[in-house]
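*Asks:* below: sequence and its predicted model.
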Amino acid sequence: MSLFSSNESYLGIDIGSSSVKVVELKKMNGKTTLLTYGFSENHNDLDQAEPKEIAAIINKICAQANVSGRQAVSALPTFSVFSSIINLTGVSKKDLPSAINWEAKKVIPLPPEEMILDWKKVESQTDKNNIKILLTGAPRTLVKKYMEIFKNAKINLLSLETETFALIRSLLGNDKSAVMLVGIGAKTTSFTIIEQSIPILNRSIDIGGRTITKTLSHSLNIGLERAEQFKYDMGVGSVDAAANAIPQTITESISPIVNEIKYALSLF
C-alpha cells in the first residue's frame, strides 16, 4: 500500500549531528503537497544526546511548525550504515539466505549479532549464474536508539531506512546512470557512487561544515557563532567567480573532501 493512499499526513524526520529537520506531507488533489516544515540547528552533539532529549527537540519543532500528523518515516545516516555488493555463484533460491549470512560474516565490520542486516537481489544482465546481492547493515544499538526517540516523542515510526536510498529516490528518480552523491554534514562527509539506482561504493570522512567553521574562527580570530554566520553569508562563490573569491582558509579546509572525491572516482 502506498504511503499516501490515505487522507493522513506523514512526517519525514531527519536527525543529524547538530540539527533536526521535519517536513509534513499530504496527498492533496492527486499530488503530494508540503504542508509545513521546521528545523532546529546548532545543537552541540546530537550523536551523544539521549533519546528523550532528541524527542523533546522533535516535538518542539512540530509545535512551532503547527505539525498535525503523528506518522513518520526517518533514515539512518549514511556514515553509520554498512553496505556492500557480494557475488554468489551457483546458489539455489532455497540456499540463498544462508549463503548471504555466511558471506556477510566476511565483510561486515561488526559481529553479526550486533547488526541488523537486510539484502536485495540485484538483477544481472550478463551472467545469470552469478547472483549479485546488495547487503545493508545497521548497528542494533543505533536502530534501538531511533525507536526509543520516536517512542518518547509519541510519534509512530512507520519506516526506518538508510539515507542513501532516500537520496536516490529524491535526487535521481529513474536516472540509471552512474552518479556520485556527496553529503556534507556538520561532522562528516559521505560519498556514495550510484549505478543503476544501486549504491556500489560508500565512503565517509570525519570532515564537515564544523571543520570550515572552526578553521574560519581560528584564522580570523572570531567566535564560532560569528564564523558560522560568515560562512553562510559568503558561501563558496559561483563557478565563474574570481579565484580569490574563496578565502584560502576555506579552500584548505575543504581540500580533503575534494581529494576524497577524486579517490572514490579513481576506485570506481
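*Replies:* That came in fine, so what should we check first?

*Asks:* neighbours of Gly208, how many?
*Replies:* Using other C-beta atoms under 10 Å, Gly208 has 23 other residues around it. C-beta here means a position set from N, CA and C on the backbone, and glycine is covered the same way.

*Asks:* repeat that for the one 4 residues further on.
*Replies:* Ile212 is surrounded by 22 other residues when neighbours are defined as other C-beta under 10 Å.

*Asks:* ok, now how distant is it from Asn44?
*Replies:* Applying C-beta to C-beta, to the nearest Å, the value for Ile212 to Asn44 is 18 Å.

*Asks:* please apply the same query to Ala75.
*Replies:* Look at Ala75 and Asn44: by C-beta to C-beta, they are 22 Å apart.

*Asks:* comparing those two, which residue is more hemmed in?
*Replies:* Ala75 (20 against 9).

*Asks:* A helix includes the more buried one, no?
*Replies:* No: under DSSP: H, G, I helix; E, B strand; the rest coil, Ala75 sits outside any helix and is assigned strand.

*Asks:* now do the contacts for Ser83.
*Replies:* By C-beta atoms under 8 Å, 6 or more residues apart in numbering, the contact set of Ser83 is 134-137, 162, 164, 199, 202.

*Asks:* what about the residue nearest to Ala75 when sequence neighbours are not counted, how many residues nearby?
*Replies:* Nearest non-adjacent residue to Ala75, counting by C-beta to C-beta, 6 or more residues apart in numbering: Glu163, 4.3 Å away. Counted with other C-beta under 10 Å, the neighbours of Glu163 add up to 22.

*Asks:* list the contacts of Glu163.
*Replies:* Going by C-beta under 8 Å, 6+ apart, Glu163 touches 75-78, 81, 183, 190.

*Asks:* flag the least confident of those residues.
*Replies:* Across these, the smallest pLDDT goes to Thr78, namely 84.

*Asks:* do you know how far the residue nearest to the spatial centre of the chain is from Ile54?
*Replies:* Relative to the mean C-alpha position of the chain, the nearest C-alpha, by C-alpha atoms, centre = their mean, is the one of Glu163, at 3.2 Å. From Glu163 across to Ile54, the span is 16 Å (C-beta to C-beta).

*Asks:* same deal with Arg70?
*Replies:* Taking C-beta to C-beta, one finds Arg70 at 16 Å from Ile54.

*Asks:* which one's more surrounded, those two?
*Replies:* In terms of neighbours (other C-beta under 10 Å), Ile54 is the more surrounded of Arg70 and Ile54; the figures are 22 against 15.

*Asks:* can you tell me how far Gly183 sits from Ser74?
*Replies:* Distance of Gly183 to Ser74, given as C-beta to C-beta: 16 Å.

*Asks:* and those two? Which one has more around it.
*Replies:* Ser74 (22 against 17).

*Asks:* bridging residues for the more buried one?
*Replies:* Assessed by DSSP bridges, Ser74 has beta-bridge partners Ile13, Leu160.

*Asks:* which ones are touching it?
*Replies:* 12-15, 146, 150, 157, 159-160.

*Asks:* same thing with Ile155?
*Replies:* By C-beta under 8 Å, 6+ apart, the contact set of Ile155 is 11, 13, 58, 70-72.

*Asks:* among those, the buried ones, what's the PyMOL command?
*Replies:* Those of the contacts of Ile155 that count as buried under 16 or more other C-beta atoms under 10 Å are selected in PyMOL with:
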select buried, resi 11+13+58+71+72
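
*Asks:* can you list which of the contacts of Ile155 are found in helices?
*Replies:* Among the contacts of Ile155, the members falling in helices (DSSP state H) are Ile58.
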